[in-house]
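> Mind folding the following:
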Amino acid sequence: MDFPTRSLIAALTCVVALSGCGGWTGRAPERGPIVAVLPAASDDYAKAAHAGLQRVEQELGIPVKLLEGRSETELRQALRDAADSEATLLIAAGEPSRKLLREVARDFPEQRFALIDATEVDANVAAYDLLEDQAAWLAGAAAGLLTRQNVVGYASGDAPPAWREAFAAGLAASNPQARLVMREHNDSAAEWAGAVRAAVQQQADIVYLVGDNVPYSAFSAAREAGIEVIVDRHSRELRLAPPVIAATVTDPGEAILQAGRDLHDAMWKGGALRRLGVNAPNAVGLVLARSVPREVHEQLEIHRKQLAVDSARRYRRERDAAQSPGEGGL
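Purely as a prediction, here's the structure:
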């Protein structure tokens, strides 16, 4: 689940230390810093990632360094230098940086690497995946609990089909009578606004606006029609203002903190894929506006817990199936 990063690789002239490189008191034998390449944009995804790296230092006592780059060539060299240093772990968030990190990891098999918001792993690379489809499921469940007309809209750009399917499943779980009105592949501001108006014409009283780059026109159309919206965010700290009634949260900072915690507790393992979903509600979850009744909060928490249980069972079955020998195996 990639975050679009037009400015991931920002000016690289130096390695910016967020803290000193003194010792730290974890269980892992090494005492070097965690080195990270993070999005340089000013949106909430980038801010959440940077906040997570700072928390590694503040909460775990592990020194951290941030690489900033002017070009892909310079960033690649900076990563190679860091991999060949006393660094304990190298982390990357955002597709361009993740691609470079995997490339460098192949040449440094003894170093540790971690990919944030990704699923690709190697012998010396762990991945920390934010399960955005589970956040979409919660959004659907919330919409089912909040709708009064039993009609809910869904508007997206190029979001993966799995998100739409998860939203529909969550809606059906909380409100089997609710009807879903969808308009996908919206690109221009006019198309987004048209998607909202189309949902309103179908009597929808709440619409899920999917993605990080929803234009103002969609919110304006919702405000004019007097309907509420659910949006996607990457931090629980952002205030929800009308017409926003709820927001999904997929926080890359929590994934970065988890990687640091695994290192601190000597639990980090190359080749491991750690899925962060509603079982880790600080990483993946849903924030409701203050106006939402307490009973909706309580019902949504019941749905969240059930989703966590069901997901854990499914992943166990998938793991067991992958580990079982096939026909003719030993």
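> Just grab the bridge partners of A246 for me.
Judged by DSSP bridges, the bridge partners of A246 are I230, L288.
> so how far is I206 from it?
Summarising the geometry, the distance separating A246 from I206, computed by CB to CB, to the nearest Å, is 9 Å. The way it works is simple: take the backbone N, C-alpha and C, and place the C-beta from them, glycine included.
> Over to A40?
35 Å.
> intersection of neighbour lists for A246 and I206?
Here A246 and I206 share the contacting residues A143, L146, I230, scored by CB atoms under 8 Å, 6 or more residues apart in numbering.
> ok, of those residues, which one's closest to Q54?
Nearest to Q54 out of these is I230 (CB to CB; 28.9 Å).
> Look at the closest one and report its pLDDT.
I230 carries a pLDDT score of 98 in this model.
> And the next helix or strand past the strand or helix carrying A172?
In this structure, A172 is located in helix 161-174 according to DSSP states H and E. Scanning the chain past helix 161-174 towards its C-terminal end, the next helix or strand to appear is strand 179-183 (assignment: DSSP H and E).
> Go through the following helix or strand past that next one and flag the buried ones.
Helices and strands here follow DSSP H and E; after strand 179-183, the next one along the chain is helix 189-201. Of the residues in helix 189-201, those buried by neighbour count under the rule 16 or more other CB atoms under 10 Å are E191, W192, A193, G194, A195, V196, R197, A198, A199, V200.
> quick one on the thing from earlier: now the angle between strand 179-183 and the helix holding A172, please.
Here helix 161-174 runs at an angle of 160 degrees relative to strand 179-183 (axes from the mean of the first three to the mean of the last three CA atoms, to 10 degrees).
> G253 looks like it's in a helix, true?
Yes - in this structure, G253 lies within a helix as judged by DSSP: H, G, I helix; E, B strand; the rest coil.
> Compute the number of surrounding residues for it.
When neighbours are counted by other CB atoms under 10 Å, G253 registers 26.
> Could you list the low-confidence segments of the stretch 201-330 of the chain?
Residue ranges of the stretch 201-330 of the chain with pLDDT under 70: 324-330.
> okay, A40 and I206: which has more neighbours?
For the pair A40 and I206, the greater number of neighbours falls to I206 (24 against 19), based on other CB under 10 Å.
> Help me confirm that that one comes into contact with Y154.
No - counting by CB atoms under 8 Å, I206 stays clear of Y154, with 10.1 Å between them.
> Quick check: phi and psi at F113.
Backbone geometry at F113, expressed as degrees, to the nearest 10, gives phi -140, psi 150.
> ok, now how distant is it from T250?
Relative to T250, and taking CB to CB, F113 is found at 22 Å.
> Break down the stretch 1-150 of the chain into its helices, ranges please.
44-60, 72-83, 95-105, 132-146 (DSSP state H, counting those that start in this stretch).
> from the ones you listed, which stretch is densest packed?
Highest mean neighbour count of the helices of the stretch 1-150 of the chain: helix 132-146, a mean of 27 (counted as mean count of other CB atoms under 10 Å).
> downstream neighbour of it in the secondary structure list?
Counting by DSSP H and E, the element after helix 132-146 in chain order, helix or strand, is strand 151-155.
> In contact with the nearest residue to G140 once chain neighbours are set aside, which residues?
When the adjacent residues along the chain are set aside, G140 lies closest to G170, with 2.8 Å between them (CB to CB, 6 or more residues apart in numbering). Applying CB under 8 Å, 6+ apart, we find G170 in contact with A136, W137, L138, A139, G140, A141, A142, A143, G144, H303, L307.
> just those now: which is nearest E184?
Nearest to E184 among those, with distances taken as CB to CB, is A136, at 13.1 Å.
> Right, I'll call it a day here.
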